[in-house]
Structure formats: structure tokens, C-alpha cells
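**Student:** sequence isn't available, so here's the structure alone:
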């Protein structure tokens with residue numbers, strides 16, 4: 001088969017883990033990324049080039065350097081015409097692959113390097129020890145670097161009503177999706193706890209056999225569900241092991257070329273993996289306006305369009321990685337794609353076990369996907385990336401053999417935007433009897449409940465937000481299904497019992 005020389009192809013990947021306990025010897029995220037970039041070219045089986053068209057870097061939370069791509073360029077000796085730096089979002093590694101494939105196919109670039117990384121574990125330990133890390137702010141050379149090319153627009157995701165009630169953290173919001181899913185499924189609290197613990201146990205089994213996973217250990221469902229000193233309850237119903245593990249030092253890099261450039265670099269064809277298609281979309285920006293906590297139409301429509309572009313059915317896919325910051329994300333994604341939870345839904349082990357380096361997890365998933373496709377010629381893969389509060393979505397279809405069409409990209413955003421939105425109101429506007437739609441109970445580090453936050457609906461379907469620190473209400477919501485109960489919302493936003 002003769003390939004169009006503009007066909008985009010992934011040719012190199014690398015993942016780097018740092019487990020250095022000596023803070024003075026630990027490397028920062030840009031050093032880890034630079035290492036990953038050089039290893040990605042080695043993985044491609046070619047000499048490292050002196051020039052590429054672009055180095056694009058995922059936004060890192062463990063460095064304040066304003067242009068990490070420029071520092072990587074100096075550290076690796078690879079010059080680049082463009083130094084890109086993204087906004088925040090776990091969807092962006094896949095979105096960057098989509099963007100890069102389009103640039104290569106259109107002739108705007110021939111070779112693009114993607115990198116992302118965090119040294120969050122080291123930075124946390126340094127703060128605790130009151131040690132200043134020079135790599136956080138960078139040196140004089142990095143301070144004088146020009147501003148990078150911005151990639152991705154910021155999507156406002158917090159509604160003023162959510163901010164007013166201080167319902168802003170993923171560790172508090174994703175459990176709300178979970179309690180809504182539990183109630184919709186009609187599961188008892190013990191049944192549901194077992195259900196999500198078994199799901200996460202299966203994810204840990206994948207991580208146990210992933211050499212690039214941060215935690216290479218299989219946990220039983222009982223170990224995951226049972227609170228302990230090392231596995232405290234965070235946001236009901238999630239223990240620590242059900243939360244994304246951001247306390248990691250990890251980096252990953254990908255190299256994408258045109259077929260023409262890959263051939264000129266002498267990269268063997270057994271290293272090539274083809275992006276077949278990609279899609280990008282987002283839900284209604286604010287969860288205050290989402291119609292339901294149990295449906296994610298942008299995932300459904302984004303995946304549907306991806307499969308149409310690739311000319312695949314979901315049953316044909318051999319390798320799948322669904323974004324897995326929390327069990328609710330996996331359930332929402334699987335349901336929207338028409339997948340059962342007994343399917344193999346991760347190739348890494350997920351963010352709890354393989355590691356969740358903030359915006360960059362999916363680059364590790366794509367790197368792992370490449371390795372699997374190289375060893376299973378003819379296999380097909382699907383990656384779903386997610387950012388925000390199940391808000392921003394990016395999809396990629398991959399295979400190890402050349403597709404019979406150019407790389408294709410689309411977005412169903414207009415369809416998503418046309419879907420119904422709920423009205424949202426302040427507590428003072430709808431004070432009175434309301435029905436709990438979804439809730440979570442945050443816990444202190446000692447394991448005691450500290451605050452209940454809930455989405456509540458009026459009799460005519462208007463959504464508002466309620467909070468309480470009343471111990472009797474919190475303990476009732478821990479032991480009994482609270483979704484569907486009628487409660488009283490005070491004008492202050494406080495939730496009280498009707499009894």
C-alpha cells in the first residue's frame with residue numbers, strides 16, 4: 001500500500017517515573033520531560049534530530065517556568081520553530097494528538113514532539129521540609145525565554161452558584177455523580193460499595209502488570225472499600241484508593257511525524273502507529289446547567305462520531321483506555337460508549353494506580369496504547385480523555401496498520417449545545433422543600449464527616465446547591481440513600497431536615 005507522504009504517524013513514545021527520596025537529587029518536571037523526549041526518539045529507533053517543527057508541552061502544576069518547551073529544547077539540543085504550552089485539562093494530551101495530526105496532514109509541520117510531566121511528589125515533600133527547589137521557578141535563561149505559543153482556550157467551568165457554596169473540587173463533585181448513578185441503578189449502599197470496589201480492583205490488576213505504573217500492586221475489592229489509616233474516606237463514597245493519585249513524579253513524551261519525515265529519519269515501520277480519527281467536544285460548561293448527573297451526552301456523541309469517522313464498531317476495538325480519575329468517570333464513559341463494566345476499560349491501570357499526573361495522564365495512556373498496538377498488528381484502539389468535571393472530552397482512534405483514508409477529525413459540539421439545559425437558581429430564590437438529586441460527604445483526615453454538599457431540585461426541576469455540617473444529617477446520608485429525599489433548603493443555602 002502506497003502511503004500519502006503527509007499521513008501523520010506516531011513513531012516514538014516514552015514514560016519516565018522518578019522515585020527519588022532525596023529531595024536534593026530529585027529532578028523537576030522539565031528535566032523528566034527532557035529525559036522522556038530523548039527516550040521517545042530512542043524508542044523510534046532513529047538518531048535524535050537537531051530540529052523539529054514544534055515542541056508542545058502540557059501545562060504543569062509543579063513548575064512556574066513560563067515556557068517549558070524552550071527549556072526542553074535547550075536541554076535536549078532539539079531546536080523548534082514553535083514552543084507550545086497548553087491550558088489546563090486532562091483532555092489535552094489527546095486533543096494535542098488530534099491537533100498535531102491535522103497540522104502534519106495539512107503540511108504545516110513534519111515532526112512534532114509532545115511532552116508533559118509533574119514532580120508533584122517531590123514538590124509536596126519539599127514544601128513540608130521547607131526546602132526551596134530551584135527548578136520550580138527556573139533559572140535566568142528560562143526567565144528570558146519568549147512567551148510560548150498558547151494552545152487551547154480556557155473553558156469557564158464553575159458557575160457563580162457553585163462558587164458561592166464552595167462546591168469546586170473534583171474530589172467533591174465526582175462523588176456526586178457516583179451517588180446519582182447509585183440511586184439510578186437502584187443499588188443498596190453495600191451493593192454499590194462492592195460494585196465500584198470490584199471495578200477498581202480490576203483496574204489495579206492492570207497496573208500490577210504495567211511496568212510504568214506508579215503503584216504496581218493488585219488490591220482486592222475489600223482493601224479498596226475499607227477505610228483505614230492508609231486508605232481514609234475522602235469524599236463519600238470514595239476512599240483514598242478510589243481517588244486520582246496525583247502524588248507522583250512522572251513524565252511522558254510522544255513523537256509524531258509525517259510518513260515522509262519518518263522515512264527520511266529511517267524509522268522502522270514496526271515502530272509506526274497511525275492516528276485514524278479524532279473528535280473533541282464538551283458538555284454544557286457548568287454542572288449547574290447539566291440535565292442529569294447520570295448522563296454525559298458529549299461523550300456519547302463524541303465517541304459516536306469518532307467511530308463513524310474510523311468506520312469501526314465499538315465491538316471491533318481491541319485496546320481501550322477510558323479516563324479514570326474516579327469510578328464515576330469510568331461508569332459515565334462506559335455507559336456513553338455502550339460498554340459493560342466487565343470489559344477491559346484501561347490499558348494502564350488508571351489514575352489511582354498507574355498514576356494521575358494532573359493534565360498529563362492520557363499521554364501515558366497513549367504511550368501504553370502504542371506499545372500494545374506494536375505487539376498486536378492489526379489491532380484497533382480507542383482513547384477517551386477527560387478534563388474538568390466530566391466536562392471536556394477528546395477521543396482518539398489508533399491502529400498499527402495504515403488506515404484506508406486520511407486522518408479525520410470532527411466535533412459534535414453544535415449537537416451538544418442544542419441539548420436541554422436546566423435552570424439554576426440561588427437558594428434564596430427557591431428556599432423551601434427540595435429533592436436531593438446528588439450529594440457527597442467530605443471527610444476530615446481523621447475520618448470524621450465534615451461537610452455534606454448536594455445538588456437539589458425544586459418541584460419544577462430548577463437546580464440549586466445546598467450544604468450542611470449537621471452531624472445527624474451527614475451520618476444519615478452516609479448510612480441511607482439520600483438521593484430522592486425531600487429536605488428543606490434555607491435562603492442561606494443551608495440544608496436542614498424536614499422533620
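**Tutor:** Here it is on my side, so go on. All values reported here derive from a predicted model rather than from experimental measurement.
**Student:** where do the helices sit along the stretch 201-350 of the chain?
**Tutor:** 221-225, 259-264, 297-310, 327-337 (DSSP state H, counting those that start in this stretch).
**Student:** so the most centrally placed residue in the chain versus residue 325, what's the distance?
**Tutor:** Centroid check for the chain by CA atoms, centre = their mean gives residue 90 as the closest residue, at 3.7 Å. Computed as CB to CB, to the nearest Å, the residue 90 to residue 325 distance reads 7 Å. Bear in mind the C-beta positions are built from the backbone N, C-alpha and C, glycine included.
**Student:** now do residue 10
**Tutor:** In terms of CB to CB, residue 10 sits 24 Å off from residue 325.
**Student:** give me the more crowded residue out of those two.
**Tutor:** residue 10 (27 against 24; other CB atoms under 10 Å).
**Student:** list the contacts of the more buried one.
**Tutor:** Residues in contact with residue 10 (CB atoms under 8 Å, 6 or more residues apart in numbering) are 97, 254, 255, 256, 272, 273, 274, 275, 366, 370, 398.
**Student:** what about 6 Å?
**Tutor:** Residue 10 sits next to 256, 273, 370 when contact means CB atoms under 6 Å, 6 or more residues apart in numbering.
**Student:** who wins on neighbours among the residues you listed?
**Tutor:** Counting by other CB under 10 Å, top hit in the contacts of residue 10: residue 256 with 29 neighbours.
**Student:** that one: what's it in contact with?
**Tutor:** 8, 10, 100, 112.
**Student:** what about 8 Å?
**Tutor:** With CB under 8 Å, 6+ apart, residue 256 has these contacts: 8-11, 97, 100-101, 104, 111-114, 275.
**Student:** could those residues go into a markdown table alongside secondary structure and pLDDT?
**Tutor:** Listed next are the contacts of residue 256 as a markdown table, based on DSSP: H, G, I helix; E, B strand; the rest coil; pLDDT from 0 to 100:
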| residue | secondary structure | pLDDT |
| --- | --- | --- |
| 8 | strand | 98 |
| 9 | strand | 98 |
| 10 | strand | 98 |
| 11 | strand | 98 |
| 97 | helix | 98 |
| 100 | helix | 98 |
| 101 | helix | 98 |
| 104 | helix | 98 |
| 111 | strand | 98 |
| 112 | strand | 98 |
| 113 | strand | 98 |
| 114 | strand | 98 |
| 275 | strand | 98 |
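**Student:** nearest to residue 329, out of those: which one, please.
**Tutor:** residue 97 (19.9 Å; CB to CB).
**Student:** ok, now which ones touch residue 299?
**Tutor:** With CB under 8 Å, 6+ apart, residue 299 has these contacts: 332, 333, 336, 337, 384, 390, 393.
**Student:** 10 Å instead?
**Tutor:** 281, 283, 322-323, 329, 332-337, 384, 386, 390, 393, 395, 416 (CB atoms under 10 Å, 6 or more residues apart in numbering).
**Student:** chain center to the helix or strand encompassing residue 371, what's the gap?
**Tutor:** In the assignment (DSSP states H and E), residue 371 maps to helix 361-374. The chain centre lies 14 Å from the centre of helix 361-374; the measure is CA atoms, centre = their mean, to the nearest Å.
**Student:** what's the first helix or strand after it?
**Tutor:** strand 380-387.
**Student:** that next one pairs with which strands, and in what direction?
**Tutor:** strand 319-321 (parallel), strand 392-399 (antiparallel) (DSSP bridges).
**Student:** angle of that strand against helix 361-374?
**Tutor:** 180 degrees (axes from the mean of the first three to the mean of the last three CA atoms, to 10 degrees).
**Student:** now do the buried residues in strand 380-387.
**Tutor:** 380, 381, 382, 383, 384, 385, 386, 387 (16 or more other CB atoms under 10 Å).
**Student:** thought residue 362 was touching residue 97?
**Tutor:** Yes. Contact criterion CB atoms under 10 Å: residue 362 and residue 97 qualify, at 8.9 Å.
**Student:** looking at those two, which is more packed in?
**Tutor:** residue 362 (32 against 28).
**Student:** can you give the domain ranges for this structure?
**Tutor:** The chain is divided into the following domains under automatic domain parsing: 8-155+246-417, 427-496.
**Student:** and the longest one, how far out from the chain's middle?
**Tutor:** Read that as domain 8-155+246-417. For domain 8-155+246-417 - counting by CA atoms, centre = their mean - the centre lies 10 Å from the chain centre.
**Student:** isn't residue 200 up against residue 326?
**Tutor:** Yes. Using CB under 10 Å, residue 200 is in contact with residue 326, at 9.5 Å.
**Student:** what touches both of these two?
**Tutor:** 238, 242, 350, 352.
**Student:** so how many other residues sit close to the closest residue to residue 301 other than its chain neighbours?
**Tutor:** Distances taken as CB to CB, 6 or more residues apart in numbering put residue 412 closest to residue 301, at 4.0 Å, once the chain neighbours are dropped. Neighbours of residue 412 under the rule other CB under 10 Å: 20.
**Student:** please apply the same query to residue 116.
**Tutor:** Residue 116: 31 neighbours (other CB under 10 Å).
**Student:** turn the contacts of residue 256 into CSV, including distance to residue 68.
**Tutor:** Below are those laid out as CSV (distance: CB to CB, whole Å):
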residue, distance to residue 68
8, 24
9, 25
10, 21
11, 22
97, 18
100, 17
101, 22
104, 22
111, 19
112, 15
113, 12
114, 12
275, 24
